[in-house]
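Student: Below are the sequence and a predicted model; questions follow.
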Amino acid sequence: MIDLIALLGLLAFSAASLLVGARLLGLARHTRGLPERLLGLSLMLAGGIGTMVGIAPAFLPGLDPRVAYATYQLSSILCHVGYALLPYFVLRVFRPRTTWAMGLFLLSLAFLAIGAVGLAVTLPLGQSIHHPGDEGRIWQLASLMGRFIGNAWAGIESLGYYVLLRRRLALGFVDRETTNRFFYWGVCTIAGSVVWLNMATEMLIPAVAANVAAARMVSALLGIVSACSLSVAFFPGARRSEETLGAEAPKGTSHRG
């Protein structure tokens, strides 16, 4: 039962990532905006295609181990590129001229690169990229740290901007739907950061590892929360046209790649 719920949570987030990512990439074709393209690619590669490719071998028990190995490696590449695009999106949209933000992006990128390369080199034939053995633990933890930084940073920036827009909303300077978008996107990314943190604690704390069912249930529920909030953030209703989505980055940022 726990495994089924975990799978449903993962599939829900993957489906939402594919739909929202496709919508943003479609929007980017019209606006030629870099933020839409970055976020759309991040969702498509990490949450959507990369995740789907990564779980495919679990549904094909008779798959040749060499094919499964190649599938896991492809999944890791797609996901890590997607993970890296998220903090870059945050940097360009929220803090394009801030030195510490560039440093935070580079830190996230370094952890992701180290983790991705380490996992690629140490992953043995017949082992899943999602549950590496002892030789891959340090690389998985590095990867999780890079993912956590990107998601937590995105959530903090988005919720902070939501608070700012709430003040402007009271003065009639912004509409409620735009304001709510930042709230739901913040909830989505914060939920994602807790998933990565939960996975890390499962690897580091024996008491958590001993109760793996509870840990997976937490991740599954957070995946559902993330999928729902992501969908609401980018499919809020018909009141706003797609053309206006490209204008929702913080004032002063460029939408041109």
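Tutor: Ah, there it is.
Student: Residues in contact with the helix-or-strand element of the chain with minimal mean pLDDT: which ones?
Tutor: None of the helices or strands of the chain scores lower by mean pLDDT, DSSP states H and E than helix 206-210, at a mean of 80. Contacts with helix 206-210, where a contact means Cβ atoms under 8 Å, 6 or more residues apart in numbering, come from Thr201, Glu202, Met203, Ala215. Glycine gets a C-beta too; all of them are placed from N, C-alpha and C.
Student: Just the ones of those in helices?
Tutor: Thr201, Glu202, Met203, Ala215 (DSSP state H).
Student: which residues of the stretch 151-257 of the chain fall in helices?
Tutor: Listed in chain order, the helices of the stretch 151-257 of the chain (DSSP state H, counting those that start in this stretch) span 176-204, 206-210, 212-234.
Student: Next, format the ones you listed as a markdown table and append distance to Arg137 and mean neighbour count.
Tutor: Below are these laid out as a markdown table (distance: least, Cβ to Cβ, whole Å; neighbours: other Cβ atoms under 10 Å):
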| stretch | distance to Arg137 | mean neighbour count |
| --- | --- | --- |
| helix 176-204 | 6 | 20 |
| helix 206-210 | 11 | 11 |
| helix 212-234 | 15 | 20 |
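Student: now for the ones you listed, which one comes closest to Leu74?
Tutor: Proximity to Leu74 (Cβ to Cβ) singles out helix 176-204 among the helices of the stretch 151-257 of the chain, at 20.7 Å.
Student: Specify the angle between that closest one and helix 212-234 in degrees.
Tutor: Relative orientation of helix 176-204 versus helix 212-234 (axes from the mean of the first three to the mean of the last three Cα atoms, to 10 degrees): 160 degrees.
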